[in-house]
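Undergrad: 3D, please:
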Amino acid sequence: MKEIIETTQAPQAIGPYSQARMFGNQLFTSGQIGINPQTGEVVSGGIGAQAKQVLENLKQVLIAAGMGFDDVLKTTVFITDMNNFAAVNEIYGQYFTGKLPARSCVGVASLPKGVLVEIELIACSHK
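TA: Sure, this is the predicted structure:
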């Protein structure tokens, strides 16, 4: 069974895609960027503030799917400047503890809305 997962607690899609799709007990999210879901604006404060907002947005998508960060199997992190890796890693480590997911980190030339970081994930419910 394929199901679209949506929540108003995370930014709405800015294109023709879903926040996430469920396939059986697996969740595949679209990339989240540092947009405040209430204002629709990119958060100010640099890479740390954006990374925190990204992870808060992903948290809300996980909640909408009945999951949490412990259910995450794999993440992909996209950053526009590899010099920001340590700052993103510090925030990331506040959300992922215990059984850590696999992760890739990719340096990219640019991201939507001029943001500095984007993260997508794959999760699997144990229910």
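Undergrad: now tell me what touches the longest helix belonging to the chain from outside.
TA: What stands out as the longest helix in the chain, according to DSSP state H, is helix 46-64. Here helix 46-64 makes contact (CB atoms under 8 Å, 6 or more residues apart in numbering) with 5-7, 9-11, 19-20, 27, 29, 32-37, 42-43, 68-69, 71-72, 79, 81, 84, 87-88, 90-92, 94-95, 115-119, 121, 123. For the C-beta atoms, the positions are set from N, CA and C on the backbone; glycine is no exception.
Undergrad: among those, which are located in helices?
TA: Those of these lying in helices (DSSP H): Ala87, Val88, Glu90, Ile91, Tyr92, Gln94, Tyr95.
Undergrad: what subset of these is buried?
TA: Ala87, Val88, Ile91, Tyr92, Tyr95 (16 or more other CB atoms under 10 Å).
Undergrad: related to what we said a few turns ago, can you flag the buried ones in the contacts of helix 46-64?
TA: Buried, going by 16+ other CB under 10 Å: 5, 7, 10-11, 19-20, 27, 29, 32-35, 37, 42-43, 69, 71-72, 79, 84, 87-88, 91-92, 95, 115-119, 121, 123, out of these.
Undergrad: now do the same end-to-end measure for stretch 87-106.
TA: 15 Å (CA to CA, to the nearest Å).
Undergrad: so for that stretch, mean pLDDT?
TA: Taken as a whole, stretch 87-106 has a mean pLDDT of 96.
Undergrad: could you list the residues in contact with the least confident helix or strand in the chain by mean pLDDT?
TA: Least confident helix or strand of the chain, by mean pLDDT, DSSP states H and E, is strand 2-5 with a mean of 95. Residues outside strand 2-5 that contact it (CB under 8 Å, 6+ apart): Ser18, Gln19, Ala20, Arg21, Met22, Phe23, Leu27, Val61, Ala64, Ala65.
Undergrad: next, the buried residues of it.
TA: Ile5.
Undergrad: may I have that strand as CSV, with CA atoms only?
TA: Only the C-alpha atoms of strand 2-5 are listed here, as CSV (Å, rounded to 0.1, in the frame of the first residue of the first chain):
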residue,chain,number,x,y,z
LYS,A,2,1.3,3.4,-1.0
GLU,A,3,0.2,6.4,1.1
ILE,A,4,1.0,10.1,0.9
ILE,A,5,2.2,11.5,4.3
